[in-house]
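>>> coords below, sequence missing:
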């Protein structure tokens, strides 16, 4: 009950206050009171607020001007940097050494002009610049462009040549620096292009037989052709020969000491040249031989840039032609003979194969620097003697003129049978050489003391032929080489002189004394271990008196041997070659008990020595000395 009373009392109070307020407003209006606006009282505003309001208003004005200016400027010249097109156009593949063209494109799609442009291009080291539509700056790869207007296009065309190795990739990179006309800062763009050298600038080919004779000759043709539209100024060819290949000749010849490098210059577009090489191929029958040719270009930095490589493979086969040289029925490589001997030659040949051999030519080379012939006998004259043999004087003049090397050649013109040699067929060519029998051919040589030494005759036969069913089958084979060395001429002279009142010839029961003189000389070869010996008969007495100019003389009473030993003798000593005497003498006595038809003072005398040139011993015997 009390709670409701309080609530009503509060509500009544609020209502009274509202009504009083309204009455006051209405009473004023009713009273017609007028307000004097000239005497209104104003409260003073805060000064800080006024300053802030003024600053905000000023900034708003500046912002508005900036926005308007930007909108006006952007409408007239807008630059994004993305509408400038910078490209490099060119082939992605090309032959090495060929002419190549690149185009640098600049397309200004911006709405403002671009100025102070420069294009810096980085080329590979083996690129050779031939032409440019715009001249670069001096001694640089920089191209300057003053201005490109808005919407304008410009190009730089470049022609050049790559001298690189086939299979390599070459990258050209470019950097563009430029400045918009209303800008102070520079902008940059870059681009690049890669080109692969997919083909050689030179076409290389090797012509060679598939099969070649072991130890025979082989020829290679190396063809090379400029496959570009530009001249090639420096070409280098390197050849790796097969093992045991010996170069004989080349066309053109090598211009330096290396046997496997050739240099060529100025090969015009489309021009083809040929390098020919010929050599001897040694090896085992059935062996495979490979020749490798590397061809490249020398660039401006003097570096070798490989272009192409090729190989050629050949198989070694047998000629099956057997040839043997025989002298006095001997085939050994070193033989000996005496002056005046007859050397009986035989060239034996046989086809051991199953294929016909044709066009055989036998060429015998006889080398004799100091040795001369007296006579040549043969059933079939060689080519060299066919004409001179018709005149005997010319024939001997020919023999006398042979000094150093002589050649005797037989072909089908001299021996028709050797035009074709069937399988298993054989034959021989015999001839004889008569050696000089004297050291000197004339007295003038002896008087001039022009003494030749170490006489020898070197003989070898070379056969040229062709396998009938084999391409490029011309071949050469040699017989074994035989050196016939001439033994020195060592001569012993034996002289007997009686001493005092000794009777000559001796008388029965009378003792007689004699002196034996041995005089030795030596001719054209050095001698060592020289021994001259003889034996005394039973009735001859050694007198213990002897003398020598060199060496040592001995007497063995048990064997009754008298020996003279000399360690070494040079050439041309003793009479008549020099005044140096090589002598020995000794004394003997004899008292015959009866007289026969002859009295033997010395038995057989023997001369033995080692000839240093022939590397063999020589020996000579002399008859017994009888009185």
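Sure, I can see it. It should be emphasised that the depicted structure is a prediction, and the values quoted were computed from it without experimental measurement.
>>> now stretch 97-109: mean pLDDT?
Stretch 97-109 shows a mean pLDDT of 90 in the predicted model.
>>> so where is the stretch 151-300 of the chain shaky, pLDDT-wise?
255-259 (pLDDT under 70).
>>> what strand or helix carries the residue lying closest to residue 621 once chain neighbours are set aside?
Nearest in space to residue 621, with sequence neighbours left out and distances taken as C-beta to C-beta, 6 or more residues apart in numbering, is residue 606 at 5.3 Å. For the C-beta atoms, the positions are set from N, CA and C on the backbone; glycine is no exception. If you go by DSSP states H and E, residue 606 is part of strand 605-611.
>>> who touches that strand?
Identification of contacts with strand 605-611 by C-beta atoms under 8 Å, 6 or more residues apart in numbering yields 487-488, 490, 492, 494, 518, 520, 525-534, 569, 616-622, 624-625.
>>> and for stretch 319-335?
213-214, 216, 343-355, 357, 421, 459-461, 463, 465, 467, 475, 477-485, 615.
>>> apply the buried test to these and list what passes.
In the contacts of stretch 319-335, burial by neighbour count holds for 213-214, 216, 343, 345-351, 353, 357, 421, 459-461, 463, 465, 467, 475, 477, 479, 482-485, counting by 16 or more other C-beta atoms under 10 Å.
>>> would you mark the buried spots in the helix or strand hosting residue 236?
Assigned by DSSP H and E, residue 236 belongs to strand 235-240. Applying a neighbour-count criterion of 16+ other C-beta under 10 Å, one finds 235, 236, 237, 238, 239 buried in strand 235-240.
>>> residue contacts, the first one?
With contacts taken as C-beta under 8 Å, 6+ apart, residue 235 has the following neighbours: 202, 224, 263, 264, 265, 267, 295, 296, 297, 298.
>>> hmm, which of the residues you listed are the buried ones?
202, 224, 264, 267, 295, 296, 297, 298.
>>> list the contacts for the fifth one?
This points to residue 295. 200, 202, 204, 224, 235, 236, 237, 238, 306, 307, 308, 309 are the contacts of residue 295 under C-beta under 8 Å, 6+ apart.
>>> pull the most distant pair out of these.
Largest separation among the contacts of residue 295 by C-beta to C-beta: 200 and 238, giving 14.8 Å.
>>> on that earlier part again, now render the contacts of residue 295 as JSON lines, adding distance to residue 413.
Output for those, formatted as JSON lines (distance: C-beta to C-beta, whole Å):
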{"residue": "200", "distance to residue 413": "50"}
{"residue": "202", "distance to residue 413": "46"}
{"residue": "204", "distance to residue 413": "43"}
{"residue": "224", "distance to residue 413": "41"}
{"residue": "235", "distance to residue 413": "45"}
{"residue": "236", "distance to residue 413": "46"}
{"residue": "237", "distance to residue 413": "41"}
{"residue": "238", "distance to residue 413": "44"}
{"residue": "306", "distance to residue 413": "51"}
{"residue": "307", "distance to residue 413": "49"}
{"residue": "308", "distance to residue 413": "47"}
{"residue": "309", "distance to residue 413": "46"}
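>>> what is the nearest of those residues to residue 514?
residue 238 (83.5 Å).
>>> kindly state the beta-bridge partners for the closest one.
In this entry, residue 238 is beta-bridged to residue 261, residue 294, by DSSP bridges.
>>> wait, doesn't it sit right on residue 291?
No - in this structure, residue 238 is not within contact of residue 291 by C-beta atoms under 8 Å, at 11.5 Å.
>>> cross the contacts of strand 605-611 against helices and list the overlap.
Nothing among the contacts of strand 605-611 maps onto helices, per DSSP state H.
>>> of those residues, buried ones?
Here, 16+ other C-beta under 10 Å leaves 487-488, 490, 492, 518, 520, 525-527, 530, 532-534, 569, 618, 622, 625 buried among the contacts of strand 605-611.
>>> good, we can wrap up now.
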